[in-house]
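>>> Structure for the following, please:
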Amino acid sequence: MEKKVILLIEDNPDDILLTQRAFIRSFLEKQINLVVAKDGLEALNYLYGSQTNIGNDKTMMPEIILLDLNLPKLNGLQILERIRNDKHTKLIPVVILTSSKEEADLTKAYKLGANSYIRKPVDFQKFKNAIQQLGLYWIGLNESPPAQ
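As a prediction, the model looks like this:
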């Protein structure tokens, strides 16, 4: 079975580790390939960079993007806007996974086309449960559109 790619765009090493651990402890570990981009430019390079030719390799396109808002170089809202304005990525589900409690961030994320907005729980068990449920829905249950 071909693994599905999840692109995690996150700069916080602790949150990266927690997300990796949550997926490892779930039944999804054998079904996914978790790719991590640690800043906005790295994420855009993964999606559009000429070195990867990801646009030509549909197996490398993420099934879902987990996007933090507070990132170096380009923030999450800028990345979301770019994803939604490109024909190759506009249909990829994007879940905002952030600690931001700003109502303006929530509203703007949905206006730009976010599919979901999840505030990161501080407690590891709650965080793990949130990641597992997120994975279960988006990888296990959701039917994604064909790659563009």
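>>> OK, contacts around the residue nearest to the spatial centre of the chain?
Central residue of the chain (CA atoms, centre = their mean): L66, 1.8 Å from the mean position. By CB atoms under 8 Å, 6 or more residues apart in numbering, the residues touching L66 are 6-10, 19, 95, 97, 134. Backbone N, C-alpha and C define where each C-beta goes, glycine included.
>>> Assess the claim that E81 and L112 are in contact.
Yes - the pair E81 and L112 passes the contact test of CB atoms under 8 Å, sitting 5.3 Å apart.
>>> which of the two has more neighbours?
Ranked by neighbour count (other CB atoms under 10 Å), E81 and L112 place L112 first, with 19 against 16.
>>> Name the nearest residue to the more buried one, sequence neighbours excluded.
L80 (4.8 Å; CB to CB, 6 or more residues apart in numbering).
>>> Show me what the host helix or strand of that neighbour is packed up against.
In this structure, L80 sits in helix 76-84 according to DSSP states H and E. Here helix 76-84 touches helix 40-48, strand 64-67, strand 94-98, helix 103-111, going by 3 or more CB pairs under 8 Å, 6 or more residues apart in numbering; DSSP states H and E.
>>> Point out where the protein drops to low pLDDT.
Within the chain, the ranges that satisfy pLDDT under 70 run 1, 50-59, 147-148.
>>> L97 versus D105, what's the distance?
12 Å (CB to CB, to the nearest Å).
>>> To clarify, my last question referred to I131.
I131 is 8 Å from L97, by CB to CB.
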